[in-house]
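Asks: okay, here's the prediction I keep looking at, along with the sequence it came from:
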Amino acid sequence: MLYLERKPSPPLADCIRAFWYACAPDLAHGRERVHPTGALQIVINLAADRLTDCGTDIGEEAPCREMPGALIVGARSRYEVIHMRDLVEIMGIVFLPGGFAPWLRHRADDFFQQSVSLDAFWSTRQLVDRLREQSTPTLKFATLDHLLTERLRGRSAERKPIVKAALADLRHNSVRGTARHLEISERRLHQLIREDAGLSPKLWGRIHRFQIAVKALHRGADTHWKQLALDCGYYDQSHFTNDFRAFSGIDPTTYSAMHGRWRNHVIIA
């Protein structure tokens, strides 16, 4: 299997975290859980004109439904289940929090917990055809970067400074403390983060702490659970365990023992 990531060019880099490409046609298992990251993505299937929506059903026989082959995938509050048949050849665009609006001029929270056809907002036929025509992942990345830059039509692709400042502050501060630091009301802070990042400030902060824990466990951190919980910003080990299970569907001990190839993917046996 092949998985690659690329940073976008400078005109796009303030809004887009990364482009990614996967080619995995021969995986033995059928489904994987995908952890919530707090990010909104565009996902494009290059091998077929459909993607598979499995919701949160983890059983191999659980029903799925077919979706269009290019989707806007909104931020999630818990894991979702993906089908491995979609990974034959697939690309994605991961937006930074607050980076989605300059592209489609829609609020990010309109897509919360949803997967919506990209074609409803941006005609995808030319986009998909141009990507499929390219013979290598490097050329596909370059083509995607060019098409997105072209779509700007001279407009600036920059996130709101106050949203960037708020999200940076929420990494180590409470909602109340962040609002006070930015000299805005908590109500205004909620509005800004929901509209631009797609999540409430509290949920965004919880997912951020969860992702710190996931990164630590995936790289093989020593599992002194109480200290790990404190290092990741949790009040205690119980709070850490409950949040981890709520987001991932499994406890930290089970995740730590799995040693998966991607930190935000868990194979469903």
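Replies: Structure received. Not measured: the values here are computed from a predicted model.
Asks: how about the strand or helix carrying Ala229: buried residues?
Replies: Element membership for Ala229 (DSSP states H and E) is helix 225-231. Buried residues in helix 225-231, counting neighbours by 16 or more other C-beta atoms under 10 Å, are found at Leu228, Ala229. Using the backbone N, CA and C atoms, a C-beta is placed for each residue, glycine as well.
Asks: also stretch 82-91?
Replies: So stretch 82-91, judged by 16+ other C-beta under 10 Å, has buried residues Ile82, Met84, Arg85, Asp86, Leu87, Val88, Glu89, Ile90, Met91.
Asks: which of these fall in strands?
Replies: If you go by DSSP state E, the buried residues of stretch 82-91 have Ile82, Ile90, Met91 in strands.
Asks: next up, the contacts around the first one.
Replies: It refers to Ile82. Arg31, Glu32, Val34, Thr52, Cys54 (C-beta atoms under 8 Å, 6 or more residues apart in numbering).
Asks: from these, pick the one nearest Pro11.
Replies: The nearest member of the contacts of Ile82 to Pro11, counting by C-beta to C-beta, is Val34 at 29.1 Å.
Asks: now that closest one: how far from Tyr79?
Replies: 6 Å (C-beta to C-beta, to the nearest Å).
Asks: can I get the buried residues of stretch 82-91 in JSON lines with distance to Leu230 and pLDDT?
Replies: Listed next are those as JSON lines, based on distance: C-beta to C-beta, whole Å; pLDDT from 0 to 100:
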{"residue": "Ile82", "distance to Leu230": "33", "pLDDT": "91"}
{"residue": "Met84", "distance to Leu230": "37", "pLDDT": "89"}
{"residue": "Arg85", "distance to Leu230": "41", "pLDDT": "91"}
{"residue": "Asp86", "distance to Leu230": "38", "pLDDT": "93"}
{"residue": "Leu87", "distance to Leu230": "37", "pLDDT": "93"}
{"residue": "Val88", "distance to Leu230": "43", "pLDDT": "95"}
{"residue": "Glu89", "distance to Leu230": "42", "pLDDT": "97"}
{"residue": "Ile90", "distance to Leu230": "38", "pLDDT": "97"}
{"residue": "Met91", "distance to Leu230": "38", "pLDDT": "98"}
